[in-house]
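[1] got a predicted structure plus its sequence, pasted below:
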Amino acid sequence: MKKAASLILTLMILAVLAVPAFAADPPAPNILNASTLDIHNTEVEQMIRERAFYLSDATKITSVDQLVRLLRESVLSGRNYTLICADPGAIPIENEEPGQIDLNPAVYDHFHYGYNGGLFTEQEYNISSGPSAWYTAEGENGWKYYSVVFQYCTNNEERAQCDAKLRGILSAVSGETPAKQLKHFYDWMKTNLPAKKISTTGYPRNCNGLYGALFGDGTGYVCATYCETIQRFAEIAGIESRILSGAYIAYDEPCHAINVVKLDGLWYAIDYTTDSFLVPLKETTMYGTAQHYMANYPLATKPYDLSAGPVTSPDDGDPIYAEPVENAVSKRDAVTVTMSPFKTTLNGRVWKNDYATYPLLFYKNITYFPMTWYECRFLGLTTGWDNATRTFSVALSSERGDYRPMLRSDKNKNGYSTALIVRDPIVVNGKTVDNTKEEYPLLNFRGVTYFPMIWKFCVDEFGWNYTFSLENGLSISVPSQKQ
């Protein structure tokens, strides 16, 4: 009798544990396996066969911002598979356009380097494909379960093998300076990596990644292969570095990637593809991209001299910056900005600053707006960049786009000292703006041009409806005839 009672109690506990952690419980079976998922990724399918997944593992998603943050956490931990439950009527999960990627661009574009160039760690740049979403099970009240899958060039088990090999290479120069450690590894790559760089048989999963470089045969090697390898070595050696990649779809930047490393307070470029070691960014094809994403970084103006001692800054303490055109950028061009303190509504949407990659700024008691590709098209503008003349242009456009928030994992702080006064040419609706004479000059923050939201631009040039009050804050909308 005691055994029967114990068995009943055990079954009751298991039944409770099987219930999902939120109200929208699905009537579908709780256990997922390879037969219940329409998965076309063999590595993920194998993982599911080896481990049962439960609907109670799902994270309830209530906003696009939350989903992007969750998936970023997944990438940083190397997770292939994330189970979510969301209301597809309120949150765009699936892409409705036939023949296109299956996850809505509002989420997908945050992880596709063609849309979001910038500076990346090895793990952040390690995505081979995805995120991809598959409908998994039906929940209550219209909510649905989706499996969101990433595939990586190098998985966690392979990375452990790579790290062991890299530590062995580093041990030979453990007492040397960071620059000489990098040179030792750079020379090791030239000696030990296969010479063949172009694939003739397609691109297997890890040919572009760290594992492919250290244990592969050279098939399909491209710039990403070398960048991830050098970046991981630098991370293990404790050298501050990043992969610099261009957003070739959204911003027409080079479809290329290089390494940037910080030595003696200055940033240098390593482009293994073109055999360029510790050169100034301005001597690479990625110079325009560096100006976009590294506007506030002290860039070296001369190649690094391995035989010399540490490079020092000028006597006045100014950091040494690369020269965009003729005038070197110095701290005299920097201005102190803060997050905009006012509620701001754009086309009926309240702007959220906390985790925005390009937040609304406040300078000289004026709110400043980031002129990114998405934000501009959301407000009826189009942007252009002429790399030859370093000219940024903005003009009215009939082209419109959806609001697509770009988010970062760290919450924005209130005060910054990193915005720079724009020195490159600016053209608005075909007219040149002399930024040296502007009371509220255009600024550059995190590599993006910011416009002051003043009457001159908002109303006279762009024709927006523009209102402000202490109670309701700033409100801007595009007139209906321009939509």
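    It's in. Because the structure is predicted, anything quoted here is derived from the model rather than measured.
[2] ranges for the helices of the chain?
    Using DSSP state H, the helices of the chain run over 2-17, 42-50, 64-77, 105-108, 156-171, 178-192, 210-215, 223-237, 287-293, 373-378, 455.
[3] buried stuff in the fifth one?
    Buried residues in helix 156-171, defined by neighbour count with 16 or more other CB atoms under 10 Å: 158, 159, 162, 163, 166, 169, 170. Using the backbone N, CA and C atoms, a C-beta is placed for each residue, glycine as well.
[4] list just the nearest of those residues to residue 306.
    Here the nearest of the buried residues of helix 156-171 to residue 306, counting by CB to CB, is residue 170; it sits at 17.2 Å.
[5] so the closest one sits against residue 185, correct?
    Yes. Taking CB atoms under 8 Å as the definition, residue 170 is a contact partner of residue 185 at 7.4 Å.
[6] now list whatever residues contact both of these two.
    Residues within reach of residue 170 and of residue 185 at once, by CB atoms under 8 Å, 6 or more residues apart in numbering, are residue 233.
[7] returning to that earlier point: wait, which of the helices of the chain is closest to residue 144?
    Ranking the helices of the chain by proximity to residue 144 (CB to CB) places helix 64-77 first, at 13.4 Å.
[8] now the angle from that closest one to helix 156-171?
    Helix 64-77 runs at 50 degrees relative to helix 156-171, counting by axes from the mean of the first three to the mean of the last three CA atoms, to 10 degrees.
[9] what's the closest of the buried residues of helix 156-171 to residue 59?
    Among these, residue 159 lies closest to residue 59 (CB to CB), at 24.7 Å.
[10] excluding chain neighbours, give the residue nearest to the closest one in space.
    Using CB to CB, 6 or more residues apart in numbering and skipping residues adjacent in sequence, the residue nearest residue 159 is residue 210, 6.6 Å away.
[11] doesn't residue 125 make contact with the one you found?
    No. Look at residue 210 against residue 125 with CB under 8 Å: they stay out of range, at 9.7 Å.
[12] tally of neighbours for residue 95?
    17 (other CB atoms under 10 Å).
[13] any idea how far residue 104 is from it?
    5 Å (CB to CB, to the nearest Å).
[14] what does residue 234 give?
    The gap separating residue 234 from residue 104 is 35 Å, by CB to CB.
[15] what's the neighbour count on residue 187?
    Residue 187: 11 surrounding residues under other CB under 10 Å.
[16] now residue 121
    For residue 121, using other CB under 10 Å, the count is 17.
[17] report pLDDT for residue 469.
    Residue-level confidence at residue 469 comes out at 81, pLDDT.
[18] so what's the residue count around the nearest residue to residue 153 once chain neighbours are set aside?
    Once flanking residues are discounted, residue 153 sits nearest to residue 209: 2.5 Å by CB to CB, 6+ apart. Residue 209 has 28 neighbours, counted by other CB under 10 Å.
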